[in-house]
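In: for reference, the sequence and a predicted model appear below.
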Amino acid sequence: MEIERRLIRVDSFRELFNAIKADGRIIIGPSARNGKIIFREIGNFDEIATDYVQTTQSSKEASFPRTEKILDYSKNTEGISVKGSELGAIPEVVLWGTRPCDAMGIGELSAIFNWDYRDELYNNRLEQITVISFSCNKADEYCFCTSVGGNPGNTQGSDILFTRTDDNGNCLAEIVTEKGSGIAALTPGLFEKEGKTDKVKYLASVPVRFDREQVRKKLDKFFESEQWVEQSLKCLGCGACAYVCPTCACFDIQDEKHGKSGSRVRCWDSCGFSLFTLHTSGHNPREVQSERWRQRIMHKFSYMPDRLSVYGCTGCGRCSRACPADMNILEQLISIQEAEA
């Protein structure tokens, strides 16, 4: 559908929030906890955080949970019975307060989970999610969305995108999808007619720091570069970067057994872990951290564009903010672009 532009007053957001709650939907949004801004279920409008550049972790857990049950099984005298997940029991969720880089990441996750196999769990969760994003009016030194095809006011992946257009907090509302129209229809009186507001002047300034296509081309001949060792010297292999990333989709599958019954679950994993590629034989094709760091960069900026026609990075900068060893992916990508062929 064509994007519909409306105006919403700052004092109308509470009423919109309450209308969504009254409609029976779960609202997951940014909230302050222990000095961090995290996504969690919101029960009251006053719990929502608004003054932040970026949340600590991404919003991907709504469609790709940290741990997720795949099936239950039990053994008895007649054999083994298996019960799959109840896809119809997935609740309707509104993601409130995502940034455009998180919303953009939904498309990249979807490309992964629909590459050679359509993942029912992921797709059914995503079908129940409506994304209400807010443009960025400030950024920090870790932000680089404009270097990977995004921008602080990007509508990609959002069902509604709000952009603050004055000091009072009034917003331009861009209704992008039918899901967004459904939310607006809950309180039609709140969405007023809008003129021709130029939202660009209200957005944060995020300069382009590198050319992703140049990085991609450089990586084609960069596999054996000694620079991977230099870049990875500080890496602890902790996996924090993968766990806060909006597009990392590596997972493991575990069986949790309790006597003659149990569950099979999938849980987040990371290519940065030393056990990620360990074979039963004891052989590990990525036995040192430099090879694991190389895999992370190659996957996001070479393998995914080649196979899925999307890049595996939205420029949110969370991995660099979260790294306990102060590794900065932006600096690493710039050094790859500037490296001699």
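Out: Received, thanks.

In: all helices of this protein, in order?
Out: In the chain, the segments counted as helices under DSSP state H are 13-22, 100-113, 120-127, 178-184, 212-219, 227-232, 240-244, 289-298, 304-308, 318-322, 329-338.

In: what is the first one packed up against?
Out: Contacts of helix 13-22 with other secondary structure elements, assessed using 3 or more C-beta pairs under 8 Å, 6 or more residues apart in numbering; DSSP states H and E, are made with strand 26-33, strand 93-98. The way it works is simple: take the backbone N, C-alpha and C, and place the C-beta from them, glycine included.

In: can you pull the buried residues of that helix?
Out: 13, 15-17, 20-21 (16 or more other C-beta atoms under 10 Å).

In: contacts for it, please.
Out: Here helix 13-22 makes contact (C-beta atoms under 8 Å, 6 or more residues apart in numbering) with 8, 27, 45, 48, 94, 96, 183, 186-187, 190.

In: repeat the analysis, applying 7 Å as the threshold.
Out: The contact list for helix 13-22 (C-beta atoms under 7 Å, 6 or more residues apart in numbering) reads 27, 45, 94, 183, 186-187, 190.

In: so what touches stretch 175-187?
Out: For stretch 175-187, using C-beta under 7 Å, 6+ apart, the contacting residues are 1, 3-4, 6, 15-16, 19-20, 23, 130, 132, 155, 158-161, 191.

In: what mean pLDDT does stretch 11-26 have?
Out: Mean per-residue pLDDT for stretch 11-26: 96.

In: no wait, stretch 120-137
Out: 96.

In: cool, stretch 83-103 as well?
Out: Per-residue scores along stretch 83-103 average to 92.

In: then it to CSV, C-alphas only?
Out: Extracted C-alpha coordinates of stretch 83-103, given in CSV (Å, rounded to 0.1, in the frame of the first residue of the first chain):
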residue,chain,number,x,y,z
LYS,A,83,3.5,-33.1,20.0
GLY,A,84,4.6,-30.1,18.1
SER,A,85,4.3,-26.5,19.1
GLU,A,86,0.8,-25.0,19.0
LEU,A,87,1.2,-22.3,16.3
GLY,A,88,-2.3,-21.1,16.9
ALA,A,89,-1.5,-20.1,20.5
ILE,A,90,1.0,-17.4,19.5
PRO,A,91,-0.4,-14.1,20.8
GLU,A,92,-0.7,-10.8,19.0
VAL,A,93,2.2,-8.5,19.9
VAL,A,94,2.9,-4.9,19.2
LEU,A,95,6.5,-3.9,19.2
TRP,A,96,6.5,-0.3,20.4
GLY,A,97,9.5,2.0,20.2
THR,A,98,11.8,0.1,17.9
ARG,A,99,14.4,2.1,15.9
PRO,A,100,14.5,1.9,12.1
CYS,A,101,17.6,-0.2,12.3
ASP,A,102,15.7,-2.9,14.3
ALA,A,103,12.8,-2.7,11.9
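
In: got the contact list for the closest residue to Glu61 other than its chain neighbours?
Out: Leaving aside its chain neighbours, Glu61 sits nearest to Phe39 (7.0 Å; criterion: C-beta to C-beta, 6 or more residues apart in numbering). Going by C-beta under 7 Å, 6+ apart, Phe39 touches 28-30, 55, 57, 59.
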